[in-house]
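Undergrad: Mind folding the following:
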Amino acid sequence: MKDDTNDLLNDLLIQWHRWATGYRYSADINSSPTFREFKAYRGWETLDEIAEEDTSTQEAVQLAVMGDCGGFGAMEPPSYRTALQLQARNLHTGRSVWTSARLPQDLEQRAQILGLARVELLRRLHAAGVL
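TA: The predicted structure follows:
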């Protein structure tokens, strides 16, 4: 049996990046009236209901990585947060072009920090009941 944990975490990071940058899952005021009451593939849920579900997951990822509005519960060390934010952005764009001066220049050290950050994120999301 294949372990899909990495794929699932990558997908969560992509969704979190979209959510954090203001990506809209539902139609807004300027959208076409034809699709305003569009029913999702689930049949009984509208896009707004699906977006609410997705928002709660993304809020859990946000809390696990960044902590609350006061920074309480944020990942330590800060390089974990930076590594996850950059990976989310790189996964979203499909390119590995985003970097940060806050992370080490050595590729092995960066990979190690990212690996530890991913493990910590998985632990926190599992404890929160998201995974």
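Undergrad: Number of residues surrounding L114?
TA: Using other C-beta atoms under 10 Å, the number of residues around L114 comes to 18. (Glycine included, C-beta is placed from N, CA and C.)
Undergrad: My guess is R89 contacts H17. True?
TA: Yes - R89 is in contact with H17 according to C-beta atoms under 8 Å; the separation is 5.8 Å.
Undergrad: So between the two, which is more surrounded?
TA: H17 (21 against 18).
Undergrad: Which residue, neighbours along the chain excluded, lies closest to the more buried one?
TA: Distance criterion C-beta to C-beta, 6 or more residues apart in numbering; nearest residue to H17, sequence neighbours excluded, is A88 at 3.9 Å.
Undergrad: my hunch is that that neighbour is in a strand, does that hold up?
TA: No - A88 is assigned helix when assessed by DSSP: H, G, I helix; E, B strand; the rest coil, not a strand.
Undergrad: Give me the pLDDT value at it.
TA: pLDDT recorded at A88 is 93.
Undergrad: try the one 10 residues further on
TA: In this model, W98 is scored at 79, pLDDT.
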